[in-house]
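A.B. asks: predicted model and sequence below, questions to follow.
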Amino acid sequence: MENDKKVFKCVVNGIEQEFEILYTFKSFKTKKDYLIYTDNTYDETNSLNIYSSIYYPQYPEKEIENIENEDDWNEVEKFLDDVSGDKNE
């Protein structure tokens with residue numbers, strides 16, 4: 001079976017790291033594209049560390065951006081709730 005993982009590399013604190021892309025989606029509310037990804041490490045509660053950023057699929061050379069406002073985080077959380085089946089809002 002072929003490995004269909006999509007990965008990208010990014011320099012974090014001067015060190016090149018590889019991340020696995022879990023999801024990408026566009027929010028109709030914010031008109032932004034989001035990238036949800038992991039470095040396949042786990043925290044102290046044995047939960048997978050996942051991250052999210054704003055990205056620009058139409059400009060692949062442009063760097064991803066940190067999410068810094070509540071509207072963006074709300075969109076990411078809503079998406080993750082939808083894909084996980086968690087309807088407790």
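C.D. replies: Happy to help now that I have it.

A.B. asks: could you check the distance from the residue nearest in space to the middle of the chain over to Thr30?
C.D. replies: Closest residue to the average C-alpha location of the chain: Ile36 at 1.4 Å, with Cα atoms, centre = their mean. Applying Cβ to Cβ, to the nearest Å, the value for Ile36 to Thr30 is 15 Å. C-betas here are computed from N, CA, C, even on glycine.

A.B. asks: OK, contacts around Cys62?
C.D. replies: No, residue 62 isn't Cys; it's Lys. Listed by Cβ atoms under 8 Å, 6 or more residues apart in numbering, the contact partners of Lys62 are Tyr55, Tyr56.

A.B. asks: per-residue pLDDT, it?
C.D. replies: As predicted, Lys62 sits at a pLDDT of 88.

A.B. asks: ok, now Met1?
C.D. replies: 40.

A.B. asks: with the one 10 residues further on instead?
C.D. replies: Per-residue confidence (pLDDT) for Val11: 73.

A.B. asks: which residues does it contact?
C.D. replies: By Cβ under 8 Å, 6+ apart, the neighbours of Val11 are Gln17.

A.B. asks: how far off centre is stretch 24-43?
C.D. replies: Its chain's C-alpha centre and that of stretch 24-43 lie 3 Å apart, by Cα atoms, centre = their mean, to the nearest Å.

A.B. asks: no further queries at this time; thank you.
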